[in-house]
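>>> Pasting the sequence and the predicted model now:
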Amino acid sequence: MKAYFLGMSHLGQTLMRASEIRGIDTHCPMIEQCDLVFVTIDVEDHSRLDEVNSLMRWACDMPPAITVVLVSQVPPGYTRPWLAKRKNIFVQVDTIIMNRALERAAFPDRFIVGCEDPSRPLPKAYERYLEAFNCPIITMGIESAELSKLAINYYLNSQIDVANKLSRLANAIGADWNDMVPGLRLDDRIGKHAYIRPGKPNEHLLRDIRTIERMLEFPAAQVENA
(Lines give C-alpha, C1' and ligand atoms only; values in the text may rest on other atoms or scores of the structure.)
Protein backbone atom coordinates (compact mmCIF):
# COMPACT_ATOMS: atom_id res chain seq x y z
CA MET A 1 0.00 0.00 0.00
CA LYS A 2 1.35 3.40 -1.01
CA ALA A 3 0.10 6.82 0.07
CA TYR A 4 0.76 10.26 -1.40
CA PHE A 5 0.16 13.60 0.35
CA LEU A 6 -0.95 16.60 -1.72
CA GLY A 7 -0.25 19.88 0.04
CA MET A 8 2.90 19.66 2.12
CA SER A 9 1.99 22.30 4.68
CA HIS A 10 2.34 21.54 8.40
CA LEU A 11 -0.67 19.21 8.29
CA GLY A 12 0.61 17.29 5.28
CA GLN A 13 4.14 16.91 6.63
CA THR A 14 2.84 15.75 9.99
CA LEU A 15 0.46 13.16 8.54
CA MET A 16 3.10 11.85 6.15
CA ARG A 17 5.61 11.38 8.98
CA ALA A 18 2.95 9.73 11.18
CA SER A 19 2.12 7.36 8.32
CA GLU A 20 5.78 6.42 7.97
CA ILE A 21 5.97 5.72 11.71
CA ARG A 22 3.04 3.33 11.26
CA GLY A 23 4.75 1.51 8.42
CA ILE A 24 2.97 3.14 5.47
CA ASP A 25 4.98 3.57 2.26
CA THR A 26 4.86 7.28 1.35
CA HIS A 27 7.58 7.26 -1.31
CA CYS A 28 5.72 6.90 -4.60
CA PRO A 29 7.93 7.71 -7.60
CA MET A 30 4.74 8.59 -9.49
CA ILE A 31 1.50 9.71 -7.87
CA GLU A 32 -0.50 7.59 -10.33
CA GLN A 33 1.07 4.46 -8.77
CA CYS A 34 -0.29 5.20 -5.29
CA ASP A 35 -3.28 3.53 -3.67
CA LEU A 36 -4.28 6.58 -1.62
CA VAL A 37 -4.00 10.31 -2.22
CA PHE A 38 -4.50 12.61 0.78
CA VAL A 39 -5.36 16.30 0.28
CA THR A 40 -3.71 17.96 3.27
CA ILE A 41 -3.18 21.66 2.60
CA ASP A 42 -3.75 23.80 5.70
CA VAL A 43 -6.79 26.10 5.65
CA GLU A 44 -6.62 29.32 7.64
CA ASP A 45 -10.01 30.75 6.61
CA HIS A 46 -13.05 28.91 5.27
CA SER A 47 -13.76 31.78 2.89
CA ARG A 48 -10.45 31.16 1.10
CA LEU A 49 -10.39 27.64 -0.32
CA ASP A 50 -8.57 28.24 -3.62
CA GLU A 51 -5.65 25.96 -2.72
CA VAL A 52 -7.95 23.15 -1.62
CA ASN A 53 -9.98 23.55 -4.82
CA SER A 54 -6.83 23.34 -6.93
CA LEU A 55 -5.62 20.17 -5.22
CA MET A 56 -9.08 18.59 -5.36
CA ARG A 57 -9.27 19.21 -9.12
CA TRP A 58 -5.91 17.50 -9.48
CA ALA A 59 -6.97 14.60 -7.24
CA CYS A 60 -10.21 14.10 -9.16
CA ASP A 61 -8.19 13.53 -12.33
CA MET A 62 -6.27 10.64 -10.75
CA PRO A 63 -6.93 7.08 -12.05
CA PRO A 64 -10.29 5.76 -10.72
CA ALA A 65 -8.65 3.03 -8.61
CA ILE A 66 -6.96 5.62 -6.37
CA THR A 67 -8.89 6.57 -3.24
CA VAL A 68 -8.93 10.30 -2.47
CA VAL A 69 -9.02 11.37 1.19
CA LEU A 70 -9.68 15.02 2.03
CA VAL A 71 -8.10 15.97 5.37
CA SER A 72 -7.89 19.74 4.85
CA GLN A 73 -10.23 21.64 7.15
CA VAL A 74 -13.30 22.55 5.10
CA PRO A 75 -16.80 23.83 6.01
CA PRO A 76 -19.86 21.55 5.88
CA GLY A 77 -21.19 21.21 2.36
CA TYR A 78 -17.80 21.56 0.69
CA THR A 79 -17.14 17.95 -0.30
CA ARG A 80 -20.56 16.89 -1.64
CA PRO A 81 -20.21 18.63 -5.06
CA TRP A 82 -16.89 16.88 -5.69
CA LEU A 83 -18.64 13.50 -5.46
CA ALA A 84 -20.33 14.32 -8.76
CA LYS A 85 -16.86 14.25 -10.34
CA ARG A 86 -15.49 11.25 -8.48
CA LYS A 87 -17.19 8.74 -6.17
CA ASN A 88 -14.30 7.41 -4.08
CA ILE A 89 -13.71 10.60 -2.06
CA PHE A 90 -13.66 10.43 1.73
CA VAL A 91 -13.37 13.07 4.46
CA GLN A 92 -10.97 12.33 7.31
CA VAL A 93 -11.27 14.59 10.36
CA ASP A 94 -7.97 16.03 11.57
CA THR A 95 -7.75 16.48 15.34
CA ILE A 96 -4.01 17.02 15.83
CA ILE A 97 -2.84 19.58 18.41
CA MET A 98 -0.16 22.04 17.30
CA ASN A 99 2.28 21.46 20.19
CA ARG A 100 1.72 17.66 20.05
CA ALA A 101 1.07 17.32 16.33
CA LEU A 102 3.19 14.29 15.46
CA GLU A 103 2.24 12.41 18.62
CA ARG A 104 -1.47 12.97 17.97
CA ALA A 105 -1.14 12.06 14.30
CA ALA A 106 0.84 8.85 14.92
CA PHE A 107 -1.22 7.75 17.94
CA PRO A 108 -4.76 9.12 17.36
CA ASP A 109 -7.68 8.54 19.74
CA ARG A 110 -9.85 7.50 16.79
CA PHE A 111 -10.50 8.20 13.15
CA ILE A 112 -13.66 9.98 12.00
CA VAL A 113 -14.31 9.25 8.33
CA GLY A 114 -17.01 10.78 6.15
CA CYS A 115 -18.39 8.60 3.35
CA GLU A 116 -20.95 9.07 0.62
CA ASP A 117 -22.53 5.80 1.82
CA PRO A 118 -21.46 4.88 5.39
CA SER A 119 -23.20 1.48 5.09
CA ARG A 120 -20.67 0.32 2.49
CA PRO A 121 -17.19 -0.99 3.43
CA LEU A 122 -14.25 1.34 2.99
CA PRO A 123 -11.89 0.66 0.08
CA LYS A 124 -9.43 -2.06 1.08
CA ALA A 125 -6.33 0.14 0.79
CA TYR A 126 -7.88 2.90 2.91
CA GLU A 127 -9.12 0.37 5.46
CA ARG A 128 -5.62 -1.12 5.77
CA TYR A 129 -4.18 2.37 6.16
CA LEU A 130 -6.55 3.24 9.02
CA GLU A 131 -6.10 -0.12 10.73
CA ALA A 132 -2.33 0.46 10.83
CA PHE A 133 -2.97 3.08 13.54
CA ASN A 134 -4.73 0.60 15.84
CA CYS A 135 -7.57 2.85 17.00
CA PRO A 136 -11.37 2.97 16.55
CA ILE A 137 -12.68 3.93 13.09
CA ILE A 138 -16.00 5.80 13.10
CA THR A 139 -17.71 6.22 9.75
CA MET A 140 -20.56 8.61 9.01
CA GLY A 141 -22.01 10.76 6.24
CA ILE A 142 -19.87 13.37 4.51
CA GLU A 143 -21.58 16.40 6.10
CA SER A 144 -21.51 14.78 9.55
CA ALA A 145 -17.74 14.35 9.33
CA GLU A 146 -17.22 17.90 8.07
CA LEU A 147 -19.29 19.29 10.96
CA SER A 148 -17.58 17.00 13.50
CA LYS A 149 -14.28 18.84 13.05
CA LEU A 150 -15.95 22.19 13.69
CA ALA A 151 -18.00 20.80 16.58
CA ILE A 152 -14.86 19.54 18.34
CA ASN A 153 -13.25 22.97 18.14
CA TYR A 154 -16.50 24.66 19.18
CA TYR A 155 -16.56 22.56 22.36
CA LEU A 156 -12.89 23.25 23.05
CA ASN A 157 -13.40 26.97 22.60
CA SER A 158 -16.31 26.90 25.07
CA GLN A 159 -14.00 25.28 27.65
CA ILE A 160 -11.48 28.09 27.23
CA ASP A 161 -14.27 30.67 27.58
CA VAL A 162 -15.50 29.06 30.82
CA ALA A 163 -11.96 28.85 32.18
CA ASN A 164 -11.37 32.55 31.48
CA LYS A 165 -14.61 33.53 33.25
CA LEU A 166 -13.95 31.35 36.29
CA SER A 167 -10.33 32.47 36.52
CA ARG A 168 -11.46 36.11 36.64
CA LEU A 169 -14.01 35.21 39.31
CA ALA A 170 -11.34 33.40 41.34
CA ASN A 171 -9.12 36.49 41.26
CA ALA A 172 -12.03 38.70 42.30
CA ILE A 173 -12.85 36.66 45.43
CA GLY A 174 -9.29 35.82 46.47
CA ALA A 175 -9.24 32.22 45.21
CA ASP A 176 -6.33 30.72 43.26
CA TRP A 177 -7.42 29.17 39.96
CA ASN A 178 -4.12 27.31 39.57
CA ASP A 179 -4.76 25.56 42.89
CA MET A 180 -8.23 24.56 41.68
CA VAL A 181 -7.22 23.07 38.31
CA PRO A 182 -5.78 19.73 39.55
CA GLY A 183 -8.98 18.97 41.45
CA LEU A 184 -11.17 19.88 38.49
CA ARG A 185 -9.17 17.65 36.14
CA LEU A 186 -9.79 14.63 38.39
CA ASP A 187 -13.54 14.92 37.78
CA ASP A 188 -14.28 12.41 35.00
CA ARG A 189 -16.93 14.73 33.58
CA ILE A 190 -14.25 17.37 32.98
CA GLY A 191 -11.16 15.22 32.55
CA LYS A 192 -7.40 15.49 32.58
CA HIS A 193 -7.22 16.86 29.03
CA ALA A 194 -9.85 19.58 29.42
CA TYR A 195 -9.00 23.07 28.17
CA ILE A 196 -9.27 24.72 31.59
CA ARG A 197 -6.20 26.93 31.53
CA PRO A 198 -7.17 30.56 30.88
CA GLY A 199 -5.98 31.90 27.54
CA LYS A 200 -6.90 32.80 23.98
CA PRO A 201 -8.13 30.28 21.39
CA ASN A 202 -5.68 29.71 18.55
CA GLU A 203 -6.47 30.69 14.98
CA HIS A 204 -7.67 27.21 14.01
CA LEU A 205 -10.23 27.24 16.80
CA LEU A 206 -11.33 30.75 15.87
CA ARG A 207 -11.66 29.79 12.19
CA ASP A 208 -14.14 27.04 13.05
CA ILE A 209 -15.98 29.18 15.61
CA ARG A 210 -16.59 31.85 12.96
CA THR A 211 -17.98 29.28 10.55
CA ILE A 212 -20.32 27.68 13.10
CA GLU A 213 -21.54 31.08 14.30
CA ARG A 214 -22.39 32.05 10.71
CA MET A 215 -24.24 28.77 10.25
CA LEU A 216 -26.17 29.24 13.49
CA GLU A 217 -27.15 32.75 12.46
CA PHE A 218 -28.32 31.66 9.01
CA PRO A 219 -29.28 27.98 9.35
CA ALA A 220 -31.19 27.89 6.08
CA ALA A 221 -28.34 29.38 4.04
CA GLN A 222 -26.30 27.30 1.64
CA VAL A 223 -23.48 26.13 3.95
CA GLU A 224 -21.04 25.64 1.11
CA ASN A 225 -20.76 29.42 1.05
CA ALA A 226 -19.82 29.52 4.75
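All right, it came through fine. Numbers count the residues shown, from 1 in each chain.
>>> can I assume Val91 sits in a strand?
Yes - assessed with DSSP: H, G, I helix; E, B strand; the rest coil, Val91 lies in a strand.
>>> the domain parsing of the protein - what is it?
Domains of the chain are assigned by automatic domain parsing as 3-141, 148-225.
>>> and the ones you listed, which one's lowest on average pLDDT?
Note on those: domain 148-225 shows the lowest mean pLDDT, a mean of 86.
>>> what about it, distance to the chain center?
From the chain centre to the centre of domain 148-225 is a distance of 17 Å (CA atoms, centre = their mean, to the nearest Å).
>>> Strands of the chain, start to end?
3-6, 36-39, 67-70, 89-92, 111-115, 137-141 (DSSP state E).
>>> related to what we said a few turns ago, most packed of the domains of the chain?
Stretch with highest mean neighbour count among those: domain 3-141 (a mean of 17; mean count of other CB atoms under 10 Å). Placement of C-beta: from N, CA and C, glycine included.
>>> Can you give me every residue that contacts the residue nearest to Pro63 when sequence neighbours are not counted?
Leaving aside its chain neighbours, Pro63 sits nearest to Glu32 (5.8 Å; criterion: CB to CB, 6 or more residues apart in numbering). When contacts are counted by CB atoms under 8 Å, 6 or more residues apart in numbering, Glu32 is found next to Met62, Pro63, Ile66.
>>> Report the separation between the last one and Ala125.
Yep, that's Ile66 we're talking about. Computed as CB to CB, to the nearest Å, the Ile66 to Ala125 distance reads 9 Å.
>>> residues shared between the contacts of the two?
What both Ile66 and Ala125 touch, as defined by CB under 8 Å, 6+ apart, is the set Asp35, Leu36.
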